[in-house]
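> Return atomic coordinates for the entry below.
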Amino acid sequence: MIKNKKQYKRTKELMLQFKSALDDLESRAGAIEDKEDYEYTYNSYQYQYSQLEEEAVEYENIRNHRTKVLVDKSIDNLHEVLIQARIARNWSHGDLAKELDLKNPQQIQRYEATNYEGVSLWRVLDILDALELKIELKDIALPNPNYIQPEAKIIAIQSKSQEVKQRQSLFAVGE
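Numbering: from 1, shown residues only. Alright, predicted model coming up:
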């Protein structure tokens, strides 16, 4: 994922280099003896080029507001949402740092470099607020406690049911 203009510029430079290498390979295709090696090299260059192009297009689309930032994202991808929202607002790291009253814009660069790992929930909420993002929780799945297995739950319920029935019968006998 491209996170800033510098990375975007470098990606475009690499795309030109791969395109040039692909053109060079194509021009020499007839003279190459090892066709298998040629195909392997060509396909690997083509793959790298297409990956770079995909990232560049994604960055351009976000930057030019041609995509929705929060579509089909999970909490696992929150770091991408924060970065994409900053890009969509055409904010630099410094702009976001200023909005958060941070003295050092490099702090935002560090957050992004680590994909916001280790950043406190309160700081993330501040960033969401600064970027004017709203998160809507739809489904929250709670896992089954692993200390009680499903079979053990059934057995425990059946056992407790039996105990209750026995106690009820004891009360009935005493009346």
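
> Tell me how many other residues surround Gln48.
Using other Cβ atoms under 10 Å, Gln48 has 16 neighbouring residues. Just so you know, the C-beta spots here come from the backbone N, C-alpha and C atoms, and that holds for glycine as well.

> show me what contacts it?
Leu14, Phe18 (Cβ atoms under 8 Å, 6 or more residues apart in numbering).

> Quick check: which element contains it?
helix 35-63 (DSSP states H and E).

> ditto for Val124
Val124 is part of helix 121-130 when elements are defined by DSSP H and E.

> I'd like to know which elements that helix is packed against.
helix 78-88, helix 93-99 (3 or more Cβ pairs under 8 Å, 6 or more residues apart in numbering; DSSP states H and E).

> which one of those is the most hemmed in?
Of all the helices and strands packed on helix 121-130, helix 78-88 has the most neighbours on average by mean count of other Cβ atoms under 10 Å, namely a mean of 21.

> could you give the mean pLDDT of that helix?
For helix 78-88, the mean per-residue pLDDT is 91.

> swap in stretch 56-71?
Here the average pLDDT along stretch 56-71 is 78.

> try stretch 121-131
For stretch 121-131, mean pLDDT is 95.

> buried sites along that stretch?
Residues of stretch 121-131 classed as buried under the neighbour-count rule (16 or more other Cβ atoms under 10 Å) are Val124, Asp126, Ile127, Leu128, Ala130, Leu131.

> OK, contacts around the closest residue in space to the third one that isn't next to it in sequence?
Taking Cβ to Cβ, 6 or more residues apart in numbering as the measure, Ile127 lies nearest to Leu82, with 5.8 Å between them; neighbours along the chain are not counted. Applying Cβ under 8 Å, 6+ apart to Leu82 gives the contacts Glu112, Tyr116, Val124, Ile127, Leu128, Leu131, Leu133.

> can you check Lys160 too?
Contacts for Lys160 (Cβ under 8 Å, 6+ apart) come out as none.

> quick one: which helix or strand includes it?
Assigned by DSSP H and E, Lys160 belongs to helix 150-174.

> Can you tell me the SS state at the nearest residue to Tyr59 once chain neighbours are set aside?
In space, and not counting its chain neighbours, Tyr59 is closest to Ile2: 4.1 Å by Cβ to Cβ, 6+ apart. Secondary structure, DSSP: H, G, I helix; E, B strand; the rest coil: Ile2 is coil.

> What mean pLDDT does stretch 4-14 get?
95.

> In it, which residues are buried?
Counting neighbours by 16+ other Cβ under 10 Å, one finds that the buried residues in stretch 4-14 are Asn4, Tyr8, Thr11.

> these two touch, right, the last one and Glu55?
By that I understand Thr11. Yes - in terms of Cβ atoms under 8 Å, Thr11 counts as a neighbour of Glu55; the distance is 5.9 Å.
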